[in-house]
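>>> Just to be clear, the model below is a prediction. Sequence and coordinates:
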2 protein chains.
Amino acid sequence: MLIDFQKAAEILKNSQNIYVISHQSPDGDTLGSGFALVYFLRMMGKRANLVCSDEIPEKFKFLAKWYADDDFEPECFVAVDIADKALFGEKTAPYAENIELCIDHHISNSLYARNTLLNPKASAACQVLFELFEFMGAEIDKKIATCLYTGLATDTGCFKFENTTPEAHFAAGKLISLGIEHFKINRKMFDEKSMARIKAEQILISGMEYFLDGRITMICITKDIMDKSGLDENEFEGVTSLTMQLEGVEVGITLKERSNGVYKVSMRSSGKANVSEICSLFGGGGHIRAAGCTVEGSLDEVKARLVSAVEKAVEALEN
Amino acid sequence: MLIDFQKAAEILKNSQNIYVISHQSPDGDTLGSGFALVYFLRMMGKRANLVCSDEIPEKFKFLAKWYADDDFEPECFVAVDIADKALFGEKTAPYAENIELCIDHHISNSLYARNTLLNPKASAACQVLFELFEFMGAEIDKKIATCLYTGLATDTGCFKFENTTPEAHFAAGKLISLGIEHFKINRKMFDEKSMARIKAEQILISGMEYFLDGRITMICITKDIMDKSGLDENEFEGVTSLTMQLEGVEVGITLKERSNGVYKVSMRSSGKANVSEICSLFGGGGHIRAAGCTVEGSLDEVKARLVSAVEKAVEALEN
């Protein structure tokens, strides 16, 4: 059932011994909203823990600076930033059937919880939570503000992406006014790279291929490249934005070899070409600006098929 | 004389035939506030032109989309984002002695204008202008909002830097609510790079030197490197942020060869080390996080002297 702030506030007020659940492969928004809610509930005198199927990545551990696991039997389960049961992950999957409250911003939310506080126009789950706290007249402290800001900033690419709403800016302004170290958070989230990551990006950029005068770019992360680099496979994750930095690029293609002859493909668009349509030609899909598919064959075959399909789409833009 | 919004509004209301002046080597804030003010004055029925000693860089030409030079004799000169007479540049220098109103946010403003509307706490001159327009009860349209947002975003690194105030976020939120294409502006300002720029960055990153386990990084832009790359010298401008992307780096040093044996040095700090102090050892200065100096000698000598000084400062941080 979709509920409003009033009802969500009542649920929180009437609950004790709460597990707040973040989604698997946790990001800044699910952890930001998760820790913010735990800190808030503890401030209200309740017992609350954050649970997540996966380890908290090193990058986000600062959110847990004021946190230690408590030992109690949970009576109430609240999910944050989790659009569907499938996203809980192994460890927290058993709770997925018994979620009292879900706080989310994904339009795709499958309404699996008994009560869902959903704002599909919000830039982040942290935005929804921020507004709930405001509705409740809660005094947000610096640690809660740090968590909420982190979710807002990470889900909007530091207020750079199209999903950045006026309300996200208004919330960020209020959070900053509480004296959080937004500069340090942003440096950690957006600027800092490990030496290994810098090397991985170097390898990919120097091997980038260009088509139609740079209107299409492509990087191929083969097992061979990964092996020869001596770098961990993780260093080659999340690199699709590299394909989009060239001025004038319409579509960026990232190929990643899964097993011999199987390639996972990510496509990004500057906004004109519809990469969801292109990927659907290969049995995939997604959004206009970001989509994916899986293609099998030899590397040369796979590249040729993809480039040919993308070229057609990009050439059609001129008509 | 420092003035308030009331007085600044009166000056604008009582003026006709206005030249709005942006500083030399124009950036997003001086052009954003310049064009915003010109569009605003024209909306008020006045004649107004933007004048600048240098060409408008390609990157910022979209701000002039609704602009054409008018032909009139100027009676009133308004400077935006210009802290000192020395920053007008050759073409507009003659007007510097006769500035009726300066709108600025630099604490270093030398108060050369007859009237100065200054808010040294504002993130950008565009912030000051936004607040002036609000004070005047002006209806800001989409083109003015586009200009103001661009100045705000560029001067704060898309709301990433320490100088991002709550008010900057509040203003950005209001500007976005007017329907501007902030996504496209941000892509142009922060993500897009020319092929030549991508190559220049590749060259610099692959030649980066590391000291004290990566707590110090250094890039050297020698004439030899520039010549061999075949790239325009401009492609090697504004690259100091490359030295700061390594996780754990405390000080990034960028050396640029001016003429044989003369090196311009830029230093950046993650916040702990005071690079202004380090640069003052070489007769330079600046701020804690960003400073510069000029050092003469052979490349090896210059590098050794700089690294030695920075190592001492970084090692002292542990005490």
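Cool, got the structure.

>>> number of nearby residues for the nearest residue to A:Asn260 once chain neighbours are set aside?
Closest residue in space to A:Asn260, ignoring its immediate chain neighbours: A:Lys223 at 7.8 Å, by C-beta to C-beta, 6 or more residues apart in numbering or on different chains. C-beta coordinates here come from the backbone N, C-alpha and C atoms, glycine included. By the measure other C-beta atoms under 10 Å in any protein chain shown, the count of residues near A:Lys223 is 13.

>>> And the strands in the stretch 101-250 of chain A?
In the stretch 101-250 of chain A, the strands defined using DSSP state E, counting those that start in this stretch lie at A:101-104, A:115-118, A:209-211, A:216-221.

>>> how about stretch A:64-84 as PDB, C-alpha atoms only?
C-alpha atoms of stretch A:64-84 as PDB (Å, rounded to 0.1, in the frame of the first residue of the first chain):
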ATOM      1  CA  ALA A  64      29.200   4.000   9.900                       C
ATOM      2  CA  LYS A  65      31.600   6.100  12.000                       C
ATOM      3  CA  TRP A  66      29.000   6.500  14.700                       C
ATOM      4  CA  TYR A  67      27.600   3.000  14.400                       C
ATOM      5  CA  ALA A  68      28.000  -0.300  16.200                       C
ATOM      6  CA  ASP A  69      25.700  -3.300  15.900                       C
ATOM      7  CA  ASP A  70      23.300  -3.700  18.700                       C
ATOM      8  CA  ASP A  71      22.100  -7.200  19.900                       C
ATOM      9  CA  PHE A  72      18.400  -7.600  19.900                       C
ATOM     10  CA  GLU A  73      15.500  -9.600  18.300                       C
ATOM     11  CA  PRO A  74      14.100  -7.600  15.500                       C
ATOM     12  CA  GLU A  75      10.300  -7.000  15.500                       C
ATOM     13  CA  CYS A  76      10.000  -4.500  12.600                       C
ATOM     14  CA  PHE A  77      11.700  -4.400   9.200                       C
ATOM     15  CA  VAL A  78      12.200  -1.200   7.200                       C
ATOM     16  CA  ALA A  79      13.700  -1.300   3.700                       C
ATOM     17  CA  VAL A  80      15.400   1.800   2.200                       C
ATOM     18  CA  ASP A  81      16.000   2.400  -1.500                       C
ATOM     19  CA  ILE A  82      15.000  -1.200  -2.300                       C
ATOM     20  CA  ALA A  83      12.700  -1.300  -5.300                       C
ATOM     21  CA  ASP A  84      12.100  -5.100  -5.400                       C
END
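
>>> Check which residues of that stretch are buried.
Within stretch A:64-84, the residues that qualify as buried by neighbour count (16 or more other C-beta atoms under 10 Å in any protein chain shown) are A:64, A:66-67, A:74, A:76-84.

>>> which parts of the stretch 201-319 of chain A sit against chain B?
A:202, A:205-206, A:210, A:214, A:241, A:244-248, A:270-271 (C-beta under 8 Å from any C-beta of the partner chain).

>>> Mark which of those residues are buried, thanks.
Buried among those by 16+ other C-beta under 10 Å: A:202, A:205, A:244-247, A:270.

>>> now those as TSV including pLDDT?
Output for those, formatted as TSV (pLDDT from 0 to 100):
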residue	pLDDT
A:Gln202	93
A:Ile205	94
A:Met244	94
A:Gln245	94
A:Leu246	95
A:Glu247	93
A:Ser270	90
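
>>> now those as CSV including distance to A:Leu132?
Formatted as CSV, these follow (distance: C-beta to C-beta, whole Å):
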residue, distance to A:Leu132
A:Gln202, 44
A:Ile205, 42
A:Met244, 34
A:Gln245, 37
A:Leu246, 41
A:Glu247, 41
A:Ser270, 35
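
>>> Show me chain A divided up by domain.
A:5-190, A:195-316 (automatic domain parsing).

>>> What separation do you get for A:Tyr39 and chain B?
Applying C-beta to the nearest C-beta, to the nearest Å, the value for A:Tyr39 to chain B is 21 Å.

>>> Would you agree that residue is in contact with A:Lys142?
No - counting by C-beta atoms under 8 Å, A:Tyr39 sits too far from A:Lys142 to count as a contact (10.1 Å).

>>> neighbour-wise, which of the two wins?
Remark: of A:Tyr39 and A:Lys142, A:Tyr39 carries more neighbours, 23 against 13, as counted by other C-beta under 10 Å.

>>> Provide a list of residues in contact with the more buried one.
A:Tyr39 makes contact with A:66-67, A:141, A:143-144, A:147, according to C-beta atoms under 8 Å, 6 or more residues apart in numbering or on different chains.

>>> Could you pull out the buried residues of stretch A:48-65?
For stretch A:48-65, by 16+ other C-beta under 10 Å, it's A:48-53, A:56, A:60, A:62-64.

>>> Report the buried residues of stretch A:94-109.
For stretch A:94-109, by 16+ other C-beta under 10 Å, it's A:95-96, A:99-106, A:109.

>>> Out of the contacts of A:Tyr39, give me the two with the largest separation.
A:Tyr67 and A:Asp141 (13.7 Å; C-beta to C-beta).

>>> The stretch 151-300 of chain A: helices as residue ranges?
With DSSP state H, counting those that start in this stretch, the ranges of helices along the stretch 151-300 of chain A come out as A:166-176, A:182-186, A:195-206, A:223-229, A:275-280, A:299-316.

>>> Let me know which of the domains of chain A is tucked in deepest.
Most buried of these, by mean neighbour count (mean count of other C-beta atoms under 10 Å in any protein chain shown): domain A:5-190, with a mean of 20.

>>> B:Leu317: which of the residues of the stretch 201-319 of chain A next to chain B is nearest?
A:Gln202 (28.7 Å).

>>> before we move on, the earlier item: now for the buried residues of stretch A:48-65, which pair is the farthest apart?
It's A:Ser53 and A:Phe62 that sit farthest apart of the buried residues of stretch A:48-65, by C-beta to C-beta, at 20.7 Å.

>>> what sits up against the worst-scoring helix or strand of chain A on mean pLDDT?
Least confident helix or strand, chain A: strand A:285-286 with a mean of 88, by mean pLDDT, DSSP states H and E. Under the criterion C-beta under 8 Å, 6+ apart, residues A:267, A:275-276, A:279, A:291-293 lie in contact with strand A:285-286.
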